[in-house]
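Chemist: Fold the following and give me the result.
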Amino acid sequence: MNKLAHIKGILFDLDGVLYVGSKRIDGAIEAINSIRNLAIKCRFITNTSTLSRESLKQKLDTLGFNIMPEEIISAPQA
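Modeler: Numbering: from 1, shown residues only. I've put the predicted structure just below:
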């Protein structure tokens with residue numbers, strides 16, 4: 001039995017959890033992929049107000065993440 005079956009979604013903070021500055025945290029991509037493979041929804045949050053959602057998407061792309069803009073929730077949106 002999957003111990004995570006009752007979980008409907010996971011929120012990931014961006015800076016400090018998936019990356020620090022311009023350096024990806026080791027294992028972050030693999031962790032996200034493992035969770036997605038379990039059909040658990042992921043959303044990515046940040047209190048950064050200086051970057052637009054599109055700028056965050058570009059940064060995440062550069063770091064090797066496959067995250068869609070609609071999965072990102074930033075301070076200006078909230």
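
Chemist: Can you show me the helices along this structure?
Modeler: Under the criterion DSSP state H, the chain carries helices at the ranges 28-37, 53-62.

Chemist: From F12, how far off is the residue most central in space within the chain?
Modeler: Central residue of the chain (CA atoms, centre = their mean): F44, 3.7 Å from the mean position. Here the criterion is CB to CB, to the nearest Å. By it, F44 lies 5 Å from F12. Just so you know, the C-beta spots here come from the backbone N, C-alpha and C atoms, and that holds for glycine as well.

Chemist: next one: S52
Modeler: Counting by CB to CB - S52 and F12 are separated by 19 Å.

Chemist: residue contacts, R43?
Modeler: If a contact means CB atoms under 8 Å, 6 or more residues apart in numbering, then R43 has G9, I10, L11, F12, E71, I72, I73 as its contacts.

Chemist: Go again with 10 Å.
Modeler: The contact partners of R43, taken as CB atoms under 10 Å, 6 or more residues apart in numbering, are G9, I10, L11, F12, I67, E70, E71, I72, I73.

Chemist: Not counting residues beside it along the chain, what's closest to the first one?
Modeler: Yep, that's G9 we're talking about. Using CB to CB, 6 or more residues apart in numbering and skipping the chain neighbours, the partner closest in space to G9 is K41 (4.0 Å).

Chemist: Report pLDDT for the one you found.
Modeler: The predicted structure scores K41 at 95 on the pLDDT scale.

Chemist: ok, how many other residues are close to it?
Modeler: Residues lying near K41 (other CB atoms under 10 Å) number 12.
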